[in-house]
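> Have a look; sequence and predicted model below, questions after that.
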Amino acid sequence: MQTHLHGKDLIDLQEWTREEVDTILDVAFQLKRERALGIPHPLLRDRVLAMLFFFSSTRTRASFEAGMAQLGGHAQFIESRTTQISHGDTAKEIGEILGRYNDGIAIRNVDWGLGNRYIREVAAASRVPVLNMQCDLFHPHQSLADLMTIMEKKGSPKGRTIAISWAYAASYQKPISVPVDLARLTTRYGMNVRLVHPPEFRLPEDLVAQAAENARTSGGSFEVMDDFDAGMKGADIVYAKSWGALLTAKDEEDGAAIAKKYTDWIADERRIAMAAEDAIYMHPLPADRGIEVADAVIDGPHSVVYDEAENRIHAQKAVMALTMG
Ligand code: CP
């Protein structure tokens, strides 16, 4: 177990060793148990986390803020449009200044081609750890919660088959960060990973190559498929969600037009029936109900989406306690 994590940024989980990720998961399960037993764990008393959002959020904001309170500290909500960021505060200034007021800086910036770069620029200027609350490429705290959920529902992830599939959504061009991170994390844990999407929804080649290499090293497998039904066949975990055609579309409008070719890519009862009998259905939320996933699936017996959402807080408390303690 690697425990020397104080001061470490969490921007890309792939930059953390497997032993370090194991430590996060161990601590997350411990904190979850303690919370259930009513055992207080004020590990970050008097510590403050800055939460800087450039994009909307329900779960991430609420779970980081509640998590800091449960750890005995405080989280301050900062929104780009209502601060002087909108008038020119630079990433370097944000890192320098918020780093002097706080014990950690968490950032969500999903702007395509910019988000990850922005977070790294803040981190380079910050004296305290920087946590990625989702960028254009990665959503590490979501993937940690997802892996926790898989472990709780299925035991050891090794040898389990997960279908990470694209699904149609009409609401907006969702970031690619969830499938990118989930594919790269589950392949590190020996899972058989199917990444399923229409050709226009491909993910960055270098990140897909990392997933393939992870699978080779862990003894799992990794396959890219373009047939939703085939991807579902016998899967233990169905993780079907939408993302934008960000590598192929010219703009938002073009992306929406491309997606419209695939409105039949919905996680419905017919498709869930193709998975293993005891398969679980996962989604990070928010979902386009009736479009991306049928109500009967997301509200049905296979769905674990609320346990998955709950695990956000436990995973994030572990990361904060380990890096900001
Ligand atoms: N899953 C997730 O990150 O949810 P929010 O966008 O509501 O934070």
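That came through, no problem. Residues are numbered from 1 along each chain as shown.
> ok, now which ones touch the residue nearest the centre of the chain?
Centroid-nearest residue in the chain: Gln142, 2.7 Å away (criterion: C-alpha atoms, centre = their mean). If a contact means C-beta atoms under 8 Å, 6 or more residues apart in numbering, then Gln142 has Gln134, Ser177, Val178, Asp181, Leu182, Pro284, Arg312 as its contacts. Where you see a C-beta, it was placed from the backbone N, CA and C, and this is true even at glycine.
> Nearest to the ligand among these?
Pro284 (3.7 Å; C-beta to the nearest ligand atom).
> In terms of helices and strands, where is that closest one?
Here Pro284, judged by DSSP states H and E, is contained in no helix and no strand.
> for Thr323, same thing?
Using DSSP H and E, Thr323 maps to helix 305-324.
> Please identify the buried residues of that helix?
Of the residues in helix 305-324, 305, 308-324 count as buried by neighbour count, 16 or more other C-beta atoms under 10 Å.
> chain center to the one helix or strand Val208 maps to: distance?
Assigned by DSSP H and E, Val208 belongs to helix 205-218. Taking C-alpha atoms, centre = their mean, to the nearest Å, one finds the center of helix 205-218 at 18 Å from the center of the full chain.
> Give me the contact list for it.
14, 137, 158, 180, 183-184, 187-190, 193, 195, 202, 220-222, 224.
> Just the ones of those residues in helices?
For the contacts of helix 205-218, the ones inside helices are Val180, Ala183, Arg184, with DSSP state H as the criterion.
> and the residue located most distally from the centre of the chain, what are its phi and psi?
Within the chain, the residue lying farthest from the chain centre (C-alpha atoms, centre = their mean) is His87, at 29.9 Å. Dihedral angles of His87 (phi, psi; degrees, to the nearest 10) stand at phi -110, psi 20.
> what sits against it?
Contacts of His87 by C-beta under 8 Å, 6+ apart: none found.
> Output the ones in helices among the contacts of helix 205-218 in JSON lines; the columns should cover pLDDT and distance to the ligand.
Formatted as JSON lines, these follow (pLDDT from 0 to 100; distance: C-beta to the nearest ligand atom, whole Å):
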{"residue": "Val180", "pLDDT": "98", "distance to the ligand": "14"}
{"residue": "Ala183", "pLDDT": "98", "distance to the ligand": "16"}
{"residue": "Arg184", "pLDDT": "98", "distance to the ligand": "17"}
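> Roughly how far does the residue farthest from the centre of the chain sit from Phe54?
15 Å (C-beta to C-beta, to the nearest Å).
> which of the contacts of Gln142 are close to the ligand?
Of the residues in those, proximity to the ligand by C-beta under 6 Å from any ligand atom holds for Gln134, Pro284.
> what's the closest of the contacts of Gln142 to Lys32?
Arg312 (11.3 Å; C-beta to C-beta).
> so when I look at Gln76, I'm seeing a strand, right?
Yes: judged by DSSP: H, G, I helix; E, B strand; the rest coil, Gln76 forms part of a strand.
> That one: neighbour count?
Residues contacting Gln76 under the criterion other C-beta atoms under 10 Å number 14.
> so it bridges to which residues?
Ala50 (DSSP bridges).
> May I see the contacts of Gln142 arranged in CSV, with pLDDT as well?
Below are the contacts of Gln142 laid out as CSV (pLDDT from 0 to 100):
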residue, pLDDT
Gln134, 99
Ser177, 98
Val178, 98
Asp181, 98
Leu182, 98
Pro284, 98
Arg312, 99
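> Out of the ones in helices among the contacts of helix 205-218, flag the one nearest to Ile162.
Distances from Ile162 to those, taken by C-beta to C-beta, are shortest for Ala183, at 8.8 Å.
> List of residues touching stretch 151-165?
By C-beta under 8 Å, 6+ apart, the residues outside stretch 151-165 that reach it are 25, 147, 150, 179, 182-183, 186, 189-197, 218-220, 228, 231-232, 234-241, 265, 267, 275-276, 280, 304, 307, 311.
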